[in-house]
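Visitor: Here is my input; please provide its structure:
(one chain, ligands or ions: 2)
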Amino acid sequence: MATSFNEQFDQHGAWRREFSLRLKLLAEWLKDHDLLDAAVAERLRRLEIQVRSDKLMVAFVAEFSRGKSEMINAIFFAGYGRRIMPATAGRTTMCPTEMGYDPEVPACLRLLPIETRLQPQALMEWRMVPEKWTRVDLDVNNPQQLAQAFERVSETRKVTQEEAHALGFWHPETPEDNPVSDAQGMVEVPRWRHALINIAHPLLKQGLVILDTPGLNAIGAEPELTVSLIPQAQAVVFILGADTGVTKSDLSIWREHLLPESDQEDIRLVVLNKIDTLWDALSTPEQIQSQIDRQKASTADILEISPSRVIAISAQKGLVAKVTKDAALLEQSCLRQLEDALGHGMLDQRQKILGSAMARGVSHLRCETERVIQMRKRDLTEQAIELKGLHGKNVSVIRHMRSRIAQEQSEFDQGGSKIHAVRSVHLKLLREVFALLGSKALKAEMAELTQALGQKGLKLGIKRSYSDTFDKLRSHWTRVQGLIGEIQSMLTAMFRQLNAEYGFALQVPDQPDMGACLAEMEEVQRSHLQYLSLGNTFKLAQPEFAERLVRALSTRLRGIHESALGDVELWSKSAAAQLDVQLRERRQSFVRRMDAIDRIQQAAGGLDERVQAIDQQIAHLDQLEEKLASLAERLVSAGDTVAAAQEPLSA
Ligand SMILES: Nc1nc2c(ncn2[C@@H]2O[C@H](COP(=O)(O)OP(=O)(O)OP(=O)(O)O)[C@@H](O)[C@H]2O)c(=O)[nH]1
Ligand SMILES: [Mg+2]
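Guide: Ligands and ions are numbered 1, 2, ... in the order given. Now for the predicted structure:
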């Protein structure tokens, strides 16, 4: 029996909470044993935030009236006992509607006026200015009030053709797609550009984000949806009507939004909705089933996918069945099949990705911490040998020993200037990396692209302009990789020298891999070209459109750059912190050695007791090492399975 999406999501949420708790416990344990240096703390903090605040977006994309909103009601909101998102015949959801939960914001619906399209800011940028949105407070305990408030996403306005053109809903080049005008020549357009719903629904609280979209015309008017929001969703559900089959406009949406099948990190589901329209009292269940199968086969054929990927359901009957608790109808609606595919497809995938990121992070962390333990052990062992060598020695030998340690210490302190020199080169190179991937450099490239796209008669040159821009950006990345390589080899050389001179065990952490960022850039370029190749080119003739498109591109790229810079920063911080720790430990070890000699010299403590105390410290470090190994191993295996995460943890 398939489990509901809600149950699967709950399990996934429990796994994440457990994992984040374990990371916190590990941090406390490390801190208690003085093993939490700056870089380790930073790594742990990042892992914890990543696993705790991971967001998962499911986007519902289809032509109008295919049942997107009804499906959202049926899968996620049936618990309210009624229809929450408006779902009626004809065009209903007029603007893209995003549902999620942000604890910082009270329960509300925010609506961004359509007129903001006349300004160049990207949608992402509007999110930062809450005062420009119309806010409706929500009462989460009152489903009726919720549903009533959500009706506002259907609001429209009448404008002149010129205004409609400026807003992106009227294109003289493609008259067949334009909305019909009334007797006065006025055109109906959506009143809002985007809606954000913030409610403490259990799934949303755990990081689910649901994106409901309007049909072809409206969705096409907001390029940012096509090139940024939808491609970043972890799951996209494409819906067709079992009654209508694949129409021409369904096919345009499919081509624009769901092709090409990108990397395997997200899932795409094709749903044949409204199968209840095929149920009829005069046909046998077998006849109905074979009709559904035929529809599935022809859908798969037209979309060029395997028929097994088409899920046939009835969202409406599924919703009714859940609200009236009618198990037989729920079964007949096949809604659970969709929930299962969505849940397993998306959550298993996500868990795998998160789990392996966690495993990588934890093993880095373990390495770094083990190194510190090893170093402490070695210092102690050496100290024990030194002390044992003093057995039966006279005062002058002891005094000599003391001056030898002092000598060693001052040599060590002098070595500091060399380290300082390498560090300043390191910082200089790092600054260069930050400049290359910083917002100023990106802004300059984007300004050039906007200008290139705005040139008249450039239609055929669009691809060129994009590839010029991306080539330049890629050349920055190549330079960044070069700089990183330089830093890596410089640090490696310095560490090797320090290891040889002072018996350190320094090792430069692996340099950050920029491959994923580069792949993401390719993806961004592809989605833009795909969007523009699908008959949207003419829109570029409108300068505001070109500017908006580039702003959307720019926010997306900035995100990629920032995430890369975060990795670079962590890598560089890890190397620096390792060195700091080693230097600090060594200085402390000088103090300890001096202290031991002084005590013996003053006959304040017996030599044997000293040696014994050191042996005990070493044994304690052995225990810490074992404990660390088992804590880390358990975390890594918890990354693999939910069951492992639920084993009790005793730190
Ligand atoms: N018979 C039947 N009707 C359905 C089903 N799912 C949705 N509908 C109806 O189809 C109409 C459109 O559904 P919506 O959920 O509003 O469709 P939508 O895709 O969100 O449409 P827009 O918001 O206009 O883009 C509504 O009247 C629904 O009640 C279904 O499974 N069976
Ligand atoms: Mg809708």
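Visitor: Only C-alpha atoms from now on, for both contacts and neighbour counts.
Guide: Fine.
Visitor: Let me know the helix or strand that the closest residue to Ala505 other than its chain neighbours is in.
Guide: Nearest residue to Ala505 in three dimensions, chain neighbours excluded: Asn499, at 5.8 Å (C-alpha to C-alpha, 6 or more residues apart in numbering). For Asn499, the element it lies in under DSSP states H and E is helix 462-502.
Visitor: Ile373 now?
Guide: Assigned by DSSP H and E, Ile373 falls in helix 349-388.
Visitor: go on, Met57?
Guide: Using DSSP H and E, Met57 falls in strand 56-61.
Visitor: Same check on Arg17?
Guide: Here Arg17, judged by DSSP H and E, is contained in helix 5-32.
Visitor: Neighbours of Arg157, how many?
Guide: When neighbours are counted by other C-alpha atoms under 10 Å, Arg157 registers 12.
Visitor: sorry, back to before: what's the offset of the helix holding Asn499 from the middle of its chain?
Guide: Centre-to-centre, helix 462-502 and its host chain are 24 Å apart (C-alpha atoms, centre = their mean, to the nearest Å).
Visitor: Show me what the next helix or strand after it packs onto, helices and strands only.
Guide: Following helix 462-502 in sequence order, the next helix or strand is helix 515-533 (DSSP H and E). Helices and strands touching helix 515-533, as assessed by 3 or more C-alpha pairs under 8 Å, 6 or more residues apart in numbering; DSSP states H and E, comprise helix 462-502, helix 543-601.
Visitor: how about those helices, which one is nearest Gln623?
Guide: Relative to Gln623, the nearest member of those by C-alpha to C-alpha is helix 543-601, separated by 19.4 Å.
Visitor: what is the mean pLDDT for the closest one?
Guide: Averaged over helix 543-601, pLDDT sits at 88.
Visitor: Kindly report the same for stretch 330-344.
Guide: Mean per-residue pLDDT for stretch 330-344: 92.
Visitor: Next, the angle from the helix holding Asn499 to helix 515-533.
Guide: For helix 462-502 against helix 515-533, the angle by axes from the mean of the first three to the mean of the last three C-alpha atoms, to 10 degrees is 170 degrees.
Visitor: Packing partners of helix 462-502?
Guide: With contacts defined as 3+ C-alpha pairs under 8 Å, 6+ apart, the packing partners of helix 462-502 are helix 416-436, helix 439-454, helix 515-533.
Visitor: what's near enough to touch the residue of the stretch 451-600 of the chain found nearest ligand 2?
Guide: Nearest residue of the stretch 451-600 of the chain to ligand 2: Tyr531, at 22.8 Å (C-alpha to the ion). By C-alpha atoms under 8 Å, 6 or more residues apart in numbering, Tyr531 lies in contact with Pro223, Thr226, Val227, Glu256.
Visitor: near ligand 2, which of these show up?
Guide: Applying C-alpha under 5 Å from the ion to the contacts of Tyr531, one finds that nothing falls near ligand 2.
Visitor: What is the nearest of these to ligand 2?
Guide: Nearest to ligand 2 among those, with distances taken as C-alpha to the ion, is Thr226, at 17.5 Å.
Visitor: What count of nearby residues applies to the closest one?
Guide: Counted with other C-alpha under 10 Å, residues neighbouring Thr226 total 21.
Visitor: from memory it sits against Glu256, does it?
Guide: Yes - between Thr226 and Glu256 there is a contact at 7.5 Å, judged by C-alpha atoms under 8 Å.
Visitor: residue ranges with poor pLDDT in the stretch 151-300 of the chain?
Guide: Where the stretch 151-300 of the chain drops to pLDDT under 70, the residues are 259-266.
Visitor: can you give me the strands in it?
Guide: Along the stretch 151-300 of the chain, the stretches classed as strands by DSSP state E, counting those that start in this stretch are 156-159, 187-190, 192-198, 208-212, 235-241, 267-273.
Visitor: export those to JSON lines and tack on distance to ligand 2?
Guide: Formatted as JSON lines, the strands of the stretch 151-300 of the chain follow (distance: least, C-alpha to the ion, whole Å):
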{"stretch": "strand 156-159", "distance to ligand 2": "14"}
{"stretch": "strand 187-190", "distance to ligand 2": "13"}
{"stretch": "strand 192-198", "distance to ligand 2": "12"}
{"stretch": "strand 208-212", "distance to ligand 2": "7"}
{"stretch": "strand 235-241", "distance to ligand 2": "11"}
{"stretch": "strand 267-273", "distance to ligand 2": "13"}
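Visitor: any chance of the helices and strands packed on helix 462-502 in TSV, plus distance to Arg634 and mean pLDDT?
Guide: Output for the helices and strands packed on helix 462-502, formatted as TSV (distance: least, C-alpha to C-alpha, whole Å; pLDDT from 0 to 100):
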stretch	distance to Arg634	mean pLDDT
helix 416-436	36	89
helix 439-454	40	89
helix 515-533	27	86
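Visitor: need the ones you listed in a markdown table with distance to Trp192, can you?
Guide: Listed next are those as a markdown table, based on distance: least, C-alpha to C-alpha, whole Å:
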| stretch | distance to Trp192 |
| --- | --- |
| helix 416-436 | 38 |
| helix 439-454 | 26 |
| helix 515-533 | 23 |
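Visitor: Dump those into TSV; add distance to ligand 1 as well.
Guide: Converted to TSV, these look like this (distance: least, C-alpha to the nearest ligand atom, whole Å):
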stretch	distance to ligand 1
helix 416-436	42
helix 439-454	31
helix 515-533	20
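Visitor: Buried deepest among the helices and strands packed on helix 515-533, which one?
Guide: helix 543-601 (a mean of 18; mean count of other C-alpha atoms under 10 Å).
Visitor: now that one: how far from the chain's centre is it?
Guide: Mean C-alpha position of helix 543-601 versus that of the full chain (C-alpha atoms, centre = their mean) differs by 21 Å.
Visitor: what is the orientation angle of it with helix 439-454?
Guide: Going by the same axes, to 10 degrees, helix 543-601 is angled at 160 degrees with respect to helix 439-454.
Visitor: rewinding a little: so for Gln414, which of the strands of the stretch 151-300 of the chain sits nearest?
Guide: Nearest to Gln414, of the strands of the stretch 151-300 of the chain and by C-alpha to C-alpha, is strand 208-212 at 55.8 Å.
Visitor: who does the closest one touch, helix- and strand-wise?
Guide: Judged by 3+ C-alpha pairs under 8 Å, 6+ apart, strand 208-212 is in contact with strand 56-61, helix 68-76, strand 97-100.
Visitor: Which of the ones you listed sits closest to ligand 1?
Guide: Closest of the helices and strands packed on strand 208-212 to ligand 1 is helix 68-76, at 3.7 Å (criterion: C-alpha to the nearest ligand atom).
Visitor: How about residues contacting that closest one?
Guide: Helix 68-76 is touched from outside by 5-6, 60-62, 83-87, 93, 203, 212-213, 239, 315-316, 318-319, 322, 335, 339, with contacts defined as C-alpha under 8 Å, 6+ apart.
Visitor: ok, now stretch 575-583?
Guide: Identification of contacts with stretch 575-583 by C-alpha under 8 Å, 6+ apart yields Asp37, Ala38, Ala39, Glu368, Val372, Met375, Phe504, Leu506, Gln507, Val508, Pro509.
Visitor: Following the record's annotation, map out the domains of the chain.
Guide: Following automatic domain parsing, one finds the domains of the chain at 55-155+191-333, 389-604.
Visitor: okay, those, which one's buried deepest?
Guide: Greatest average neighbour count among the domains of the chain goes to domain 55-155+191-333 (a mean of 19), per mean count of other C-alpha under 10 Å.
Visitor: that older thread, state the distance from the residue nearest to Ala505 to ligand 1.
Guide: Separation of Asn499 from ligand 1 (C-alpha to the nearest ligand atom, to the nearest Å): 65 Å.
Visitor: Could you do Gly392 as well?
Guide: Gly392 sits 91 Å away from ligand 1, taking C-alpha to the nearest ligand atom as the criterion.
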